[in-house]
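A.B. asks: Generate coordinates for the sequence data below:
(one chain, ligands or ions: 1)
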Amino acid sequence: MTTTTPARTTTSRMAALVRDIRKAVDRGLAPDITAYLVGELLAPHLGAEDLLTPEQQEGDPEHYRQHVLHAEPDGGFSVVALVWLPGQETCIHDHVSWCVAGVHQGEESERRYRLAPGTGGAARLVPTEDVVNGPGEVCGFAPPGDIHRVRNSCTDKAISIHVYGADISRLGTSIRRVYTLPTD
Ligand SMILES: [Fe+2]
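C.D. replies: All right, here's what the predicted structure looks like:
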């Protein structure tokens with residue numbers, strides 16, 4: 001579960017980043033290449049004090065919180081800030097589109113999975129990688145093969161900026177599917 005705050009005001013730094021992302025997305029390249037280019041654009045802004053408004057850095061004691069920072073009118077991409085209080089985490093999920101995630105503050109722990117055959121023809125999830133992403137680190141991916149779970153395993157608030165190749169303000173979430181399969 002998460003809560004979502006719709007886009008309202010944004011900072012001039014975020015507005016400049018959105019303009020640059022638009023130019024990259026409008027090239028119409030393959031999803032994984034677009035994600036790579038957007039990641040390169042996002043990285044220099046991470047950690048900048050004027051990237052987010054104070055409201056966009058507020059968490060929710062119940063769930064990690066999603067602030068929509070921008071949604072492109074044609075649905076081509078959207079930008080959100082995810083705010084994680086200590087211990088908050090996602091379910092195991094994959095995504096509706098390509099995605100770029102950059103850590104703005106704190107640390108995020110990510111476990112990646114792949115689907116594998118289980119007993120009796122059922123599927124199961126096999127962990128493939130544990131990654132800790134620190135301030136300024138960026139990762140990008142495109143479906144398929146993008147199953148993961150993200151957690152703030154630190155004692156301080158974590159904030160990450162995510163860019164998706166879809167309109168998250170309309171969909172409400174970037175999650176395509178939630179996995180409740182057994183894991184190894
Ligand atoms: Fe995700």
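A.B. asks: for this structure, what's the longest helix?
C.D. replies: helix 12-25 (DSSP state H).
A.B. asks: Could you pull up the contacting residues of residue 30?
C.D. replies: The contact partners of residue 30, taken as C-beta atoms under 8 Å, 6 or more residues apart in numbering, are residue 142. No exception for glycine: its C-beta is placed from N, CA and C like everyone else's.
A.B. asks: per-residue pLDDT, it?
C.D. replies: At residue 30, the predicted lDDT confidence score is 94.
A.B. asks: what helix or strand is the residue nearest the centre of the chain on?
C.D. replies: When the chain is reduced to its mean C-alpha position, the closest residue under C-alpha atoms, centre = their mean turns out to be residue 162, at 3.9 Å. Using DSSP states H and E, residue 162 sits in strand 158-164.
A.B. asks: Direction included, what does that strand pair up with?
C.D. replies: Next to strand 158-164 in the sheet, as set by DSSP bridges, lie strand 78-84 (antiparallel), strand 99-105 (antiparallel).
A.B. asks: out of those, nearest to residue 140?
C.D. replies: Counting by C-beta to C-beta, residue 140 lies closest to strand 99-105 out of those; the figure is 4.3 Å.
A.B. asks: the residue most distant from the middle of this structure, which is it?
C.D. replies: Computed with C-alpha atoms, centre = their mean, the most peripheral residue in the chain is residue 120, at 34.3 Å.
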